[in-house]
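J.: the following comprises the amino acid sequence and a computationally predicted model.
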Amino acid sequence: MGNRDDEYYERDNRRSSQRSSRDDRYRDDRRRDYYEDDYDYDDRPVRRRSSESYERSATASRGGSRSGAGSRSGSRPSGSRPSGSRQGSRSGNGGSRGGKKKKNQTLGIVLVISEILVACVLLFAAYQVFFKVDVTKVGKVNMNEEVINKSINDGVAENQEMKGYTNIALFGVDSREGELTKKTRTDTIIIASINNSNGDVKLCSVYRDTYLNLSNDEYTKCNAAYAEGGPEQAISMLNMNLDMDIEDFITIGFRGLTDVVDALGGVPIEVTDAEISHLNNYQATMAQELKLNYTPVQSAGLQTLNGLQATAYCRIRYTAGDDFKRAERQRTVLMACLEKAKGMSYSQLETVANKAFGETYTSLDLEEILALLKNIANYEVVDNNGFPEESMRATGTIGKKGSCVVAVDLESNVKWLHQFLFEDSEYTVSEDVKKYSDKIKSDTSSYLN
């Protein structure tokens with residue numbers, strides 16, 4: 001897959017050694033292999049400042065970078081480099097008179113120009129991270145509607161059985177706090193389908209290792225879609241492979257889920273003996289990463305798990321059932337959160353929503369989320385399952401793609417999904433899904449038992 005950041009840094013290596021040394025701290029962080037199952041996070045080096053004036057200048061530059069990241073002007077941030085650099089030079093040269101004064105002014109020019117260049121680097125990096133995705137405020141994302149609309153089949157858009165439902169993609173990412181965009185794996189992919197007439201909710205996990213079209217005719221594990229192209233590509237992948245009409249999403253990381261569960265006062269979960277050691281091991285790892293304390297789970301049985309414990313529970317995949325069971329645990333925690341929220345007042349829910357909004361990455365704005373929460377007492381999870389359906393899936397090592405979950409017949413699985421979510425027993429899949437189904441069979445059949 002292409003990596004625009006790596007291409008940029010290769011060009012940047014040809015510039016001055018001073019800038020190159022400052023930018024190294026970004027390069028290593030962005031080349032992390034996000035396909036590894038579990039990795040440790042390294043702290044980013046602390047930036048050193050040479051003087052008090054340098055510190056003030058750096059603060060101003062970072063402020064400019066933040067405002068640039070939220071802009072949707074249509075021009076590349078890197079285009080502002082020449083004018084910004086020239087302006088810094090003119091202001092410095094205009095005040096240089098006398099020997100010592102001139103020397104001090106020259107030093108000031110160097111520092112100012114250096115900070116402007118660093119700010120440009122940060123702006124460019126921000127552009128790459130939010131490519132075609134505009135962050136207008138914390139947590140809120142404006143997606144490219146044209147990209148999403150193209151991923152929805154015309155027949156799906158006109159399907160009468162689906163018109164009475166709101167479908168939202170829920171993504172859980174294995175990431176440190178703040179990294180909720182691209183270049184991070186989606187450990188959790190859940191379609192939440194809400195029946196608008198009665199509030200019934202159905203949850204369907206799409207197993208992260210499912211072999212699908214990533215929406216660009218590249219076939220591999222479906223969790224790579226988010227890593228390559230963020231929520232837009234992940235949503236497009238779901239729409240194209242499953243004949244869905246998803247337009248909205250919510251992404252949350254470890255820290256966000258931990259804080260949401262804590263804000264709800266914990267959730268009741270039945271823990272088995274086989275799960276305890278793994279739950280506590282994941283807790284210990286996350287506590288170090290998130291700089292939190294943790295309380296080990298001591299015994300099996302129904303108990304209230306706090307945020308860190310519930311998040312660790314969602315990660316367990318080393319017991320019977322492997323990743324299929326992990327996806328079930330994720331749905332279990334989600335349903336427990338919903339039930340706990342139903343017993344809270346609106347003012348309490350507003351507090352939870354405000355807390356969570358800053359730790360999520362979503363196409364919904366806070367007002368829309370609060371509007372959904374007003375009706376939370378009417379919502380009830382009536383069923384949950386996983387895709388591909390158990391009787392129509394297989395697992396195998398698909399060449400260099402590694403261990404994958406395979407829809408033995410994608411067409412049949414999509415028919416099942418529409419029956420499960422929308423009670424549409426007569427659904428006819430699109431020609432595109434038939435094409436993807438044939439391709440998956442061709443790619444995988446020789447690797448399956």
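T.: Received, thanks.
J.: and the spatially closest residue to I269 that is not a sequence neighbour, bridged to which residues?
T.: Of all residues not flanking I269 in the chain, L305 sits nearest, at 4.9 Å (Cβ to Cβ, 6 or more residues apart in numbering). To be clear about C-beta, it is placed using only N, CA and C from the backbone, and glycine gets the same treatment. Applying DSSP bridges to L305 gives these bridge partners: V267.
J.: list the contacts of L305.
T.: The neighbours of L305, taking Cβ atoms under 8 Å, 6 or more residues apart in numbering as the test, are V261, G266, V267, P268, I269, V271, V297, Y313.
J.: from those, which is closest to K291?
T.: Checking the contacts of L305 against K291 with Cβ to Cβ, the nearest one is V261 at 17.5 Å.
J.: so what's the closest one up against?
T.: Here V261 is in contact with V267, L305, N306, G307, A310, T311, V333, C337 (Cβ under 8 Å, 6+ apart).
J.: mind redoing it with 10 Å?
T.: 267, 304-311, 313-314, 333, 336-337, 340, 352 (Cβ atoms under 10 Å, 6 or more residues apart in numbering).
J.: most neighbours out of these, which is it?
T.: T311 (28 neighbours; other Cβ atoms under 10 Å).
J.: by contact count, what packs against the helix or strand that one falls within?
T.: Counting by DSSP states H and E, the element that carries T311 is helix 307-315. When contacts are defined as 3 or more Cβ pairs under 10 Å, 6 or more residues apart in numbering; DSSP states H and E, helix 307-315 packs onto strand 165-173, strand 186-195, helix 254-263, strand 267-271, helix 273-290, strand 301-305, helix 322-342.
J.: for F420, which of these is the nearest?
T.: strand 186-195 (8.9 Å).
J.: I152 reaches S215, doesn't it?
T.: No. If you go by Cβ atoms under 10 Å, I152 and S215 don't touch, sitting 11.5 Å apart.
J.: shared neighbours of these two, anything?
T.: Contacts common to I152 and S215, judged by Cβ under 10 Å, 6+ apart, are I235, S236, N239, M240.
J.: distance to V433 added to those, as JSON lines?
T.: Below are these laid out as JSON lines (distance: Cβ to Cβ, whole Å):
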{"residue": "I235", "distance to V433": "16"}
{"residue": "S236", "distance to V433": "14"}
{"residue": "N239", "distance to V433": "11"}
{"residue": "M240", "distance to V433": "8"}
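J.: neighbour-wise, which of those residues leads?
T.: Counting neighbours by other Cβ under 10 Å, I235 leads those with 28 neighbours.
J.: is it true that it touches S363?
T.: Yes. Using Cβ under 10 Å, I235 is in contact with S363, at 8.7 Å.
J.: between those two, which contacts overlap?
T.: In contact with both I235 and S363: M143, I148, I168, A169, I246, E247, D248, F249, using Cβ under 10 Å, 6+ apart.
J.: which of those residues lies closest to S345?
T.: I168 (23.9 Å).
J.: now do stretch 438-449, average pLDDT.
T.: Averaging pLDDT along stretch 438-449 gives 93.
J.: ok, residues contacting it?
T.: The contact list for stretch 438-449 (Cβ under 10 Å, 6+ apart) reads 210-213, 217, 219-220, 241, 394-399, 401, 404, 406-411.
J.: in the one helix or strand N413 maps to, what's buried?
T.: Following DSSP H and E, one finds N413 within helix 410-422. By 16 or more other Cβ atoms under 10 Å, the buried positions in helix 410-422 come out as L410, E411, S412, N413, V414, K415, W416, L417, H418, F420, L421, F422.
J.: now those residues in a markdown table, please, with extra columns for distance to E389.
T.: Shown next, in a markdown table, are the buried residues of helix 410-422 (distance: Cβ to Cβ, whole Å):
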| residue | distance to E389 |
| --- | --- |
| L410 | 11 |
| E411 | 12 |
| S412 | 8 |
| N413 | 6 |
| V414 | 10 |
| K415 | 10 |
| W416 | 5 |
| L417 | 8 |
| H418 | 12 |
| F420 | 8 |
| L421 | 12 |
| F422 | 15 |
